[in-house]
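> only geometry, no sequence info:
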């Protein structure tokens, strides 16, 4: 991936292309700053994106003078690299102006990289149809964008920032039913639209209510509403009532999106919603196929497909025109959707192997079991809101979850908080006190020690969470099997591809139970490895959650920390701090911190503070030439 301090990405339109282009942001960890130029029509989906430093918005309906003025503003930002993911007349003018102004000012122009339009791939495919060789057919637009930035090509668009903050929902969104489908019958090109009568049959037979999307300019959306109203069929009209961000929130909460090959289908996938896409003159292999493995595509296998990007050049005559759309019956689509909905509601059977594993695990852990419904901590299993179970292995992992727990409480979610290690019980009490002090005690369902392996199923059934959140590589086969049985989502924060994860996967599969639906929140370094071992999971690149906790603590410094700083304030700088240190860690950093190479003060926080381990670390540091002080002796503790 090219390096540079300041990166500018150009992708102004249209909706689907902008959404697909955002996949490059998931591979942006090696760039310090990424700015983006987008048309004002589609700026809503990129506002507040956590990986965009600055969003430049331009009104496409302004003229050349306005664009030239806008280009001058961009030039003054001194970008190192410009990625042109659009390659339009506007971006070509921008490139010319950048080079012209750089020449007149005798300065180096930014490195300019553009995607290839590859027209021969499209026109060859449209002319020769299935006879056109596969290796010459258009490649995925998403992969084309990613490969231009040097990414792997496996990254997916992620616009979940649009639905994270749902505090101020519109009245329509707030009153939506718990389960519904989103239907979008219209398209920018009428020649790509499935007959509205077919959508009517679909809405009539689907087992859930449907929300009709579109603007007041979408004639087919208005026509579908008229048909439903005339036949007294229940529906929810969102036509002309939602902006782009609200449409994303509506899609994110739905059971699925059904519609033509439009930008909304890509937006639905970017917020994690399964799509059922109707393909007519176009086909998925023209470069705009669905990104999610669970999404479905529907089309009629005619020799004349594809005939173009818009369907305007259909060569069929009279009533046979657009047979690719007319011959795709509603029953074909329903026969795919209904069984999938039914299968989702079927709880996986408990296999005999899993029953035996639970029996064995209970016997082995019987002396250390703390059943949740037997602990003295108050517990309220009755569920009224979204319920999230936060689980930490030890005190360190609990620190990772701390800020996220309060974010969930602010969203008015109910929380269950558990820790495996007895060492974390003290911090659990502190956390409970802080929750009560902030007035969130009614949302705290349970806080205490977690169940042991073999007892997860019982307590999950008792507390009935929607999401189970854990940290790093904490993994238990019976926990995973129980989450799968009860269809609870698993989210792993700061995920790392350690052996414990792959072992839990192997054992869970050997028990005859499918893996739960998994979401990994990790760094860019680990993303590809996690996807390799868990191909059906979804990975999101994020920062380390512990920094939120560190920032919070730095604002309220502990008295003991202040005391230590006062005692040692005159010691030589710089100060280096190493926490959770083992003997083997010191050996790895020896070349960097052996005196006299390192001049300063080295703070060491051992992982184990027993006398034996402290003496080992002390002797190593003394051999390196360090003068040793124990902070506990200096403060009288």
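Thanks, I have it. Nothing here was measured: the structure is a model prediction, and the numbers come from that model.
> end to end, how far does stretch 257-265 reach?
With C-alpha to C-alpha, to the nearest Å as the measure, stretch 257-265 spans 7 Å from end to end.
> just how off-centre is that stretch within its chain?
Centroid displacement of stretch 257-265 relative to its chain, using C-alpha atoms, centre = their mean, to the nearest Å, is 20 Å.
> For it, give the mean pLDDT please.
Here stretch 257-265 scores 94 as its mean pLDDT.
> swap in stretch 305-321?
Across stretch 305-321, the average pLDDT comes to 84.
> just stretch 363-380 next, same as before
For stretch 363-380, the mean confidence score works out to 57.
> from here on, count from 2
Right, with 2 as the first residue, what we last looked at is stretch 364-381.
> neighbours around the closest residue to residue 21 other than its chain neighbours, how many?
Leaving aside its chain neighbours, residue 21 sits nearest to residue 143 (4.6 Å; criterion: C-beta to C-beta, 6 or more residues apart in numbering). To be clear about C-beta, it is placed using only N, CA and C from the backbone, and glycine gets the same treatment. Counted by other C-beta atoms under 10 Å, the residues lying close to residue 143 total 25.
> Looking at residue 143 now. What's its pLDDT?
92.
> how much space is there between it and residue 86?
11 Å (C-beta to C-beta, to the nearest Å).
> Tell me where the stretch 2-151 of the chain has strands.
Counting by DSSP state E, counting those that start in this stretch, the stretch 2-151 of the chain has strands at residues 7-11, 34-40, 55-59, 82-85, 112-115.
> Would you reformat the ones you listed as TSV and include distance to residue 394, mean neighbour count and mean pLDDT?
Formatted as TSV, the strands of the stretch 2-151 of the chain follow (distance: least, C-beta to C-beta, whole Å; neighbours: other C-beta atoms under 10 Å; pLDDT from 0 to 100):
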stretch	distance to residue 394	mean neighbour count	mean pLDDT
strand 7-11	38	24	94
strand 34-40	35	21	94
strand 55-59	39	16	96
strand 82-85	41	22	95
strand 112-115	44	15	94
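> Ok, which of those strands comes nearest residue 514?
Among those, strand 34-40 comes nearest to residue 514, with 41.2 Å by C-beta to C-beta.
> can you give me how far that closest one is from the chain middle?
Per C-alpha atoms, centre = their mean, the centroid offset for strand 34-40 relative to its chain is 20 Å.
> Starting from that strand, tell me which strands it pairs with and how they run.
Note on strand 34-40: by DSSP bridges, its sheet partners are strand 7-11 (parallel), strand 55-59 (parallel).
> what would these look like in JSON lines with distance to residue 630?
JSON lines is the format used below for these (distance: least, C-beta to C-beta, whole Å):
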{"stretch": "strand 7-11", "distance to residue 630": "45"}
{"stretch": "strand 55-59", "distance to residue 630": "47"}
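> among the ones you listed, which is nearest residue 126?
Taking C-beta to C-beta, strand 7-11 is the member of the strands paired with strand 34-40 nearest to residue 126, at 26.2 Å.
> that older thread, which one of the strands of the stretch 2-151 of the chain lies nearest to residue 128?
strand 112-115 (25.6 Å).
> Break this protein into its domains for me.
7-149, 162-340, 353-548, 558-635 (automatic domain parsing).
> Tabulate those (JSON lines), appending distance to residue 156.
Shown next, in JSON lines, are the domains of the chain (distance: least, C-beta to C-beta, whole Å):
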{"stretch": "domain 7-149", "distance to residue 156": "4"}
{"stretch": "domain 162-340", "distance to residue 156": "10"}
{"stretch": "domain 353-548", "distance to residue 156": "8"}
{"stretch": "domain 558-635", "distance to residue 156": "32"}
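> Tell me which of those domains lies nearest to residue 155.
Here domain 353-548 is closest among the domains of the chain (C-beta to C-beta), at 6.1 Å.
> ok, residue 188 to residue 259 distance?
Using C-beta to C-beta, residue 188 is found at 13 Å from residue 259.
> So, low pLDDT: which residues of the stretch 502-638 of the chain?
Applying pLDDT under 70 to the stretch 502-638 of the chain flags the ranges 546-547, 549-550, 592-599, 635-638.
> and if we set it to 90?
Within the stretch 502-638 of the chain, the segments meeting pLDDT under 90 span 510, 512-515, 518, 522-638.
> Could you pull out the strands in it for me?
So, for the stretch 502-638 of the chain - with DSSP E, counting those that start in this stretch - the strands run 519-523, 539-542, 576-582, 602-607.
> tell me which strands and helices the first one is in contact with?
Contacts defined by 3 or more C-beta pairs under 8 Å, 6 or more residues apart in numbering; DSSP states H and E place strand 519-523 against strand 490-494, helix 525-534, strand 539-542.
> Which neighbours in the sheet does it have, and how are they oriented?
Taking DSSP bridges as the criterion, strand 519-523 forms sheet pairs with strand 490-494 (parallel), strand 539-542 (parallel).
> and of the helices and strands packed on strand 519-523, who's closest to residue 149?
With respect to residue 149, and counting by C-beta to C-beta, the nearest of the helices and strands packed on strand 519-523 is helix 525-534 at 17.1 Å.
> List of residues touching stretch 241-255?
Residues outside stretch 241-255 that contact it (C-beta atoms under 8 Å, 6 or more residues apart in numbering) are 16, 43, 45-46, 48, 160-161, 163-164, 167, 170-171, 173-174, 177, 181-183, 212, 214-217, 239, 258, 265, 268-269, 271-274.
> same deal with stretch 88-98?
11, 13, 65, 68-69, 72-73, 75-76, 83, 85, 113, 115-116, 118.
> chain center to that stretch, what's the gap?
Chain-centre distance of stretch 88-98: 33 Å, with C-alpha atoms, centre = their mean.
> and that stretch, which residues are buried?
Neighbour-count burial for stretch 88-98, counted by 16 or more other C-beta atoms under 10 Å, picks out 91-92, 95-96, 98.
> Now the residue nearest the centre of the chain: closest residue in space, sequence neighbours ignored.
The residue lying closest to the centre of the chain (C-alpha atoms, centre = their mean) is residue 541, at 4.2 Å. Leaving aside its sequence neighbours, residue 541 sits nearest to residue 522 (C-beta to C-beta, 6+ apart; 5.1 Å).
> Identify the residues contacting the one you found.
Counting by C-beta under 8 Å, 6+ apart, residue 522 has contacts 492-496, 540-541, 543.
> hang on, the earlier thing: let me know whether the residue nearest to residue 21 touches residue 20 as I believe.
No: applying C-beta atoms under 8 Å as the test, residue 143 and residue 20 come out as separate, 9.2 Å apart.
> what's stretch 26-38 in contact with?
Residues outside stretch 26-38 that contact it (C-beta under 8 Å, 6+ apart) are 2, 4-13, 47, 50, 52-57, 59, 75, 78, 80, 147, 150-153, 156-159, 524-526, 528, 541-542.
> change it to 6 Å
Here stretch 26-38 makes contact (C-beta atoms under 6 Å, 6 or more residues apart in numbering) with 2, 6-11, 52-57, 152, 156, 159, 525, 542.
> measure it end to end?
End-to-end span of stretch 26-38 (C-alpha to C-alpha): 14 Å.
> Distance from the chain centre to that stretch, please.
With C-alpha atoms, centre = their mean, you get 16 Å for stretch 26-38.
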